[in-house]
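Asker: A predicted structure for the sequence below; I have some questions about it.
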Amino acid sequence: MEDESVVLEYKKSLAQLKEGVISLSSMLNKSNRGELYFGIAPNKQVYPFAISKKTLADVSNEVRMNLKPMPTRMDIDVVKVEGADVIRIYAEGSDTPYSAYGRYYTRIDDGDIPMTNSQLQDFFESKESTYLKWEEAPTDYSYDDIDEDLLIEVIRMANEKGRLNYVYDDAAKALTKLGLVTDEGKIKRAGYYLFGKGKPLLIKEASYPTDSRTEFGEIKEFKGNIFECIREATSYILNHITYKADIVGINRVETPEIPVQAIREIVINSFAHSKYACIGDFNQFVVYRSSVRIYNPGSIYKGVDPLEFAKGEVGSKIRNVLISSVLYKCGYIDAFGTGFDRTFTLCNREGVEYEYKNDEFGFTFIFHRKRELVGDKINDKINDKINGLDEKILSELRKNKYATIGEISRDLGKSVPTVYRHLRSLLSAGAIRRMGSRKTGHWEIVES
């Protein structure tokens, strides 16, 4: 059995669980990994104790609730040491600094020492450098892998905004002008994510007729570069929210329940501040009956409250400097840090309620939908009386058994709640069946 070290800690019992979580944070901050045992004293004497499933669940919950952010790897299991059962926790992660119970620690030999303010500042400055290194990393893509039409469009917009003075010549010179080429002539990772043809980014979109993910709805994935994903996500949300129609003179004027500019600001913000290095996590755009939720991996940089940005109390904290710079030059974002202010102002003016959540996993902005529009009560009552709507839905399903509620709604020109209700009615009547899983399933018509 090894002695305690900068990456190994022993605790005699779970009475020292809090101290153990602190040790995990300090080992991660020092070495990006750490191993912790409960049931072994520092002198390496084993003290066995009863370990149940509930014991492991309680330990797991304590660690996950108080170690922030969660490491990329966290193993909690029971192992045999000298014939006795003990609990072993192994953690790996490089998203430093890690905190335990709201405080930061580092490891010196086998001891946990609270960080000084200067040490903590060094960690955050190092993290900023890490994000820049991700953007700056050279790729092996050629200029043929760049969407030149998109690049030309962005250069044109940047010139029109007065934020760039450059007449497009070729892709290499344009990307260099935007700071997206290394000294060795390699396209930087940020450049490929912004303009690549090979669809480097995956986003997830969904719409549900209720406020629950358990009901069948529309779920899709989209791949593209950052600009393509911004346009897709914005379009997806606008196609799934409700519009109020007014007759102004002889014209029909439609007003969305959520201001378009507010949606656009938050969508763009989600890509400007996304943590692209997160494996297995994606920007997500979900429309529920009562809300629209926009999520990006990675919490707001340095945990600043968006309200502080809006008030101008702090300057913008930029995670992706190169990506944000290009978005600024072409006018997708204006002065850094003002997007939240515009969003809050628009929502307050239009009576749209909103909230946001910032945690160790990412940032979620929530627009609350207007009840009087979401219900679409007047249209639904009229639609319900239209003879033959069930048959029209069945016809759509005969043409495409994989059709989603959103697709049927668009094809028939009916509201999502109306289509959802008629599908439920057809299911209850035994006219159709839902086969397979919620995500990959299909419709089956029961012919009489």
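Answerer: Here it is on my side, so go on.
Asker: contacts and neighbour counts: CA atoms only from here.
Answerer: OK.
Asker: who touches the closest residue in space to Gly441 that isn't next to it in sequence in this structure?
Answerer: In space, and not counting its chain neighbours, Gly441 is closest to Met435: 5.4 Å by Cα to Cα, 6 or more residues apart in numbering. Counting by Cα atoms under 8 Å, 6 or more residues apart in numbering, Met435 touches 441-444.
Asker: ok, what's across the strand from Phe38?
Answerer: Lys11, Ile87 (DSSP bridges).
Asker: check contacts around Val59.
Answerer: Leu17.
Asker: and the next element down the chain from the lowest-mean-pLDDT helix or strand in the chain?
Answerer: Across the helices and strands of the chain, mean pLDDT, DSSP states H and E gives its lowest value to helix 377-384, namely a mean of 42. Helices and strands here follow DSSP states H and E; after helix 377-384, the next one along the chain is helix 389-399.
Asker: now that next one: mean pLDDT?
Answerer: Helix 389-399 shows a mean pLDDT of 87.
Asker: can you give me how far that helix is from the chain middle?
Answerer: Centre-to-centre, helix 389-399 and its host chain are 35 Å apart (Cα atoms, centre = their mean, to the nearest Å).
Asker: ok, stretch 276-291 next?
Answerer: For stretch 276-291, the distance to the chain centre is 4 Å (Cα atoms, centre = their mean).
Asker: could you list the domains of this protein?
Answerer: 8-115, 135-195, 201-374, 377-445 (automatic domain parsing).
Asker: tabulate the ones you listed (JSON lines), appending distance to Met1.
Answerer: Below are these laid out as JSON lines (distance: least, Cα to Cα, whole Å):
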{"stretch": "domain 8-115", "distance to Met1": "7"}
{"stretch": "domain 135-195", "distance to Met1": "41"}
{"stretch": "domain 201-374", "distance to Met1": "34"}
{"stretch": "domain 377-445", "distance to Met1": "49"}
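Asker: next, the residue nearest to Pro114 when sequence neighbours are not counted: phi, psi?
Answerer: Nearest residue to Pro114 in three dimensions, chain neighbours excluded: Tyr105, at 4.2 Å (Cα to Cα, 6+ apart). Main-chain dihedrals, Tyr105, degrees, to the nearest 10: phi -130, psi 160.
Asker: could you do Thr255 as well?
Answerer: phi -120, psi 120.
Asker: contacting residues around it?
Answerer: Per Cα under 8 Å, 6+ apart, neighbours of Thr255: 243-245.
Asker: looking at those residues, which is nearest Ala137?
Answerer: Ala137 lies nearest to Tyr243 out of the contacts of Thr255, by Cα to Cα, at 43.9 Å.
Asker: surely the residue nearest to Pro114 touches Ile22?
Answerer: Yes. Counting by Cα atoms under 8 Å, Tyr105 does reach Ile22; the two are 7.2 Å apart.
Asker: list residues touching both of those two?
Answerer: In contact with both Tyr105 and Ile22: 99, 112, using Cα under 8 Å, 6+ apart.
Asker: can you read off the pLDDT for Thr214?
Answerer: 69.
Asker: ok, the one 4 residues further on next?
Answerer: For Glu218, the model assigns a pLDDT of 81.
Asker: for it, name its beta-bridge partners.
Answerer: Under the criterion used (DSSP bridges), Glu218 bridges to Ser207.
Asker: what's the neighbour count on it?
Answerer: 19 (other Cα atoms under 10 Å).
Asker: report the contact partners of it.
Answerer: Going by Cα under 8 Å, 6+ apart, the list of residues near Glu218 reads 206-208, 404-406.
Asker: which one of these is nearest Ser270?
Answerer: Relative to Ser270, and with distances defined as Cα to Cα, the nearest of these is Ala206, at 16.4 Å.
Asker: these two touch, right, the closest one and Arg289?
Answerer: No. Judged on Cα under 8 Å, Ala206 makes no contact with Arg289 at a distance of 11.6 Å.
Asker: and stretch 371-390, how far apart are its ends?
Answerer: End-to-end distance for stretch 371-390: 26 Å, by Cα to Cα, to the nearest Å.
Asker: for the closest residue to Ile268 other than its chain neighbours, give its distance to Ala100.
Answerer: Spatial nearest neighbour of Ile268, excluding adjacent residues (Cα to Cα, 6+ apart): Ile230 at 6.2 Å. According to Cα to Cα, Ile230 and Ala100 sit 36 Å apart.
Asker: please apply the same query to Ser5.
Answerer: Taking Cα to Cα, one finds Ser5 at 19 Å from Ala100.
Asker: the more surrounded of those two?
Answerer: A direct count of neighbours by other Cα under 10 Å for Ser5 and Ala100 places Ala100 higher, at 22 against 16.
Asker: need the contact list for that one.
Answerer: Counted by Cα under 8 Å, 6+ apart, Ala100 has contacts 21-22, 25, 66-68.
Asker: pLDDT below threshold where in the stretch 301-448 of the chain?
Answerer: The model of the stretch 301-448 of the chain has pLDDT under 70 over residues 301-317, 335-337, 360, 372-387, 437-440, 448.
Asker: try 50
Answerer: Within the stretch 301-448 of the chain, the segments meeting pLDDT under 50 span 314, 377-387.
Asker: helices along that one, start to end?
Answerer: Using DSSP state H, counting those that start in this stretch, the helices of the stretch 301-448 of the chain run over 306-311, 321-329, 339-350, 371-374, 377-384, 389-399, 405-412, 416-428.
Asker: return the most buried member of these.
Answerer: helix 321-329 (a mean of 21; mean count of other Cα atoms under 10 Å).
Asker: now do the contacts for Gly436.
Answerer: Counting by Cα under 8 Å, 6+ apart, Gly436 has contacts His442.
Asker: ok so, going back, to Pro259, which of the helices of the stretch 301-448 of the chain lies closest?
Answerer: Nearest to Pro259, of the helices of the stretch 301-448 of the chain and by Cα to Cα, is helix 339-350 at 6.7 Å.
Asker: other SSEs contacting that closest one?
Answerer: Judged by 3 or more Cα pairs under 8 Å, 6 or more residues apart in numbering; DSSP states H and E, helix 339-350 is in contact with helix 260-272, helix 306-311.
Asker: by contact count, what packs against the helix or strand hosting Lys18?
Answerer: Remark: Lys18 resides in helix 17-31, with elements defined by DSSP H and E. Packed against helix 17-31 by the contact rule (3+ Cα pairs under 8 Å, 6+ apart) you find strand 8-11, strand 33-38, helix 53-66, strand 84-92, strand 99-100, strand 103-108, strand 111-114.
Asker: pull up the pairing partners for the fifth one, direction included.
Answerer: As defined by DSSP bridges, the strand partners of strand 99-100 come to strand 67-68 (antiparallel), strand 103-108 (antiparallel).
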